[in-house]
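K.L.:
need coordinates for the following:
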Amino acid sequence: MSDNQELDIILLRSFLAVSETLHFTSAAQMRGVTQSTISQHINRLEQAVGASLLHRTTKQVELTPQGMQMVSFAQNIIHAQEMAMDYFRSGTLRAELRLGIAEDMVVSRFPEMLKRFRRLYPHVEVRLTVGLSRELYNLLDAGALDLICTKRKEGDERGIPLWRERLQWLGGGNFDTLAEGAVPLVLFSGNSITRVAAITAMNKVGRAWRASFMSSNLGALVAAVRSGYGVFAQSGLLVSQEIVPVPASAGLPPLPDVDFVMVGATEQLEGATRDLADLVIENIEGLAPPGSRIIAGTSPCGPDAREITAI
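P.N.:
Okay, the predicted model is just below:
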């Protein structure tokens with residue numbers, strides 16, 4: 001084989017067809033060409049490598065020792081070529097996926113699902129941003145994110161609905177003082193969805209309240225609630241052994257429903273963004289908290305929507 005010779009993929013495919021069938025006519029039918037074309041391909045391949053790959057008689061075809069080795073080479077070369085074409089083909093997976101998720105979803109099984117996605121698509125680098133819903137929407141609209149999974153922003157109908165849940169009053173377990181005086185609220189600083197919901201609910205029924213702790217970080221709010229600073233209005237995703245629902249006997253006002261959604265930078269999700277979205281929907285029952293109403297691919301109030309039972 002001379003230094004400037006190259007192995008043509010077409011020749012290798014014809015060779016593999018012959019090696020599989022050990023019959024030129026059958027190989028030609030498999031490849032959709034004539035028998036003479038198969039013969040030409042084999043001759044050109046043997047000339048390229050400078051070795052006899054097949055032993056042909058009038059009755060049978062056999063692989064030579066060099067031919068047996070070429071089967072492995074041909075399979076590897078074709079496989080590598082197919083992987084390269086799949087990787088770069090238009091409309092397939094991107095090399096990078098910029099994903100934003102709401103802070104409360106970090107404590108769900110979302111990280112496990114991302115780990116599974118990385119196993120399925122190892123050549124896609126997921127760049128993860130965790131933040132408040134407002135921040136994620138701003139980054140998406142600025143072109144800094146490809147996909148966000150978060151609470152639906154009021155008045156924004158974009159995206160794929162995932163589940164609907166009633167926000168809950170949650171606390172650290174000591175609720176005896178809630179009936180006395182102003183209710184201590186642990187709140188996000190800024191105009192967050194849960195902050196607005198908590199304050200609006202209190203004001204609607206004329207219940208006195210005070211901001212006992214404020215932060216822009218969910219972890220800080222959780223720590224404050226655990227330490228007894230007060231209660232907050234949050235998703236059921238945060239319920240744990242230390243953060244529990246406030247009993248109805250505390251008399252706190254009802255909170256509104258909130259939808260969790262996936263919103264893409266473009267209306268039609270493609271490539272890695274579409275694959276991740278499909279994986280989220282496939283695993284939705286493991287992501288949403290107990291008591292949620294799954295609305296992925298359904299009307300939120302339609303007959304196909306279903307509730308998740310506690311486990």
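K.L.:
can you pull the buried residues of the helix or strand hosting residue 47?
P.N.:
In the assignment (DSSP states H and E), residue 47 maps to helix 35-49. Going by neighbour count (16 or more other C-beta atoms under 10 Å), the buried part of helix 35-49 is 37-39, 41-42, 45-46, 49. (C-beta placed from N, C-alpha, C; glycine too.)
K.L.:
got the end-to-end distance for stretch 176-192?
P.N.:
28 Å (C-alpha to C-alpha, to the nearest Å).
K.L.:
next, the buried residues of that stretch.
P.N.:
Using 16+ other C-beta under 10 Å as the test for burial, stretch 176-192 gives 178, 183-188, 192.
K.L.:
stretch 59-68 now?
P.N.:
61, 63, 67.
K.L.:
show me where the chain has helices.
P.N.:
9-21, 24-31, 35-49, 65-88, 110-120, 133-141, 193-205, 218-226, 271-282, 284-287 (DSSP state H).
K.L.:
now those helices in a markdown table, with distance to residue 103 and mean pLDDT?
P.N.:
As requested, the helices of the chain are arranged in a markdown table below (distance: least, C-beta to C-beta, whole Å; pLDDT from 0 to 100):
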| stretch | distance to residue 103 | mean pLDDT |
| --- | --- | --- |
| helix 9-21 | 49 | 92 |
| helix 24-31 | 56 | 88 |
| helix 35-49 | 59 | 92 |
| helix 65-88 | 33 | 85 |
| helix 110-120 | 11 | 88 |
| helix 133-141 | 9 | 91 |
| helix 193-205 | 11 | 95 |
| helix 218-226 | 4 | 92 |
| helix 271-282 | 17 | 86 |
| helix 284-287 | 15 | 84 |
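K.L.:
which stretch among these comes nearest residue 157?
P.N.:
Taking C-beta to C-beta, helix 133-141 is the member of the helices of the chain nearest to residue 157, at 12.7 Å.
K.L.:
what angle do the closest one and helix 193-205 make?
P.N.:
With axes from the mean of the first three to the mean of the last three C-alpha atoms, to 10 degrees applied, the angle from helix 133-141 to helix 193-205 works out at 140 degrees.
K.L.:
which helices and strands sit right next to helix 133-141?
P.N.:
strand 96-102, strand 125-131, strand 147-151 (3 or more C-beta pairs under 8 Å, 6 or more residues apart in numbering; DSSP states H and E).
K.L.:
nearest to residue 80, out of those?
P.N.:
strand 125-131 (21.0 Å).
K.L.:
now that closest one: mean pLDDT?
P.N.:
In this model, strand 125-131 has an average pLDDT of 91.
K.L.:
about what we covered before: in strands only, show me the buried residues of stretch 176-192.
P.N.:
Members of the buried residues of stretch 176-192 lying in strands (criterion: DSSP state E): 183-188.
K.L.:
any chance of JSON lines for those residues, columns pLDDT?
P.N.:
As requested, those are exported to JSON lines (pLDDT from 0 to 100):
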{"residue": "183", "pLDDT": "93"}
{"residue": "184", "pLDDT": "93"}
{"residue": "185", "pLDDT": "96"}
{"residue": "186", "pLDDT": "95"}
{"residue": "187", "pLDDT": "96"}
{"residue": "188", "pLDDT": "93"}
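K.L.:
for residue 148, give its distance to residue 201.
P.N.:
26 Å (C-beta to C-beta, to the nearest Å).
K.L.:
with residue 218 instead?
P.N.:
Counting by C-beta to C-beta, the gap from residue 218 to residue 201 is 19 Å.
K.L.:
kindly report the same for residue 216.
P.N.:
21 Å.
K.L.:
neighbour count winner among those two?
P.N.:
The residue with more neighbours, out of residue 216 and residue 201, is residue 201; 19 against 13, by other C-beta atoms under 10 Å.
K.L.:
what lies in contact with stretch 257-269?
P.N.:
102, 105, 137, 140, 143, 145-152, 156, 158-167, 193, 197, 235, 273, 277, 280, 288, 295, 300 (C-beta atoms under 8 Å, 6 or more residues apart in numbering).
K.L.:
center of this protein - which residue?
P.N.:
Centroid check for the chain by C-alpha atoms, centre = their mean gives residue 276 as the closest residue, at 2.9 Å.
K.L.:
tell me who's in contact with that residue.
P.N.:
Counted by C-beta under 8 Å, 6+ apart, residue 276 has contacts 97, 99, 117, 126, 147.
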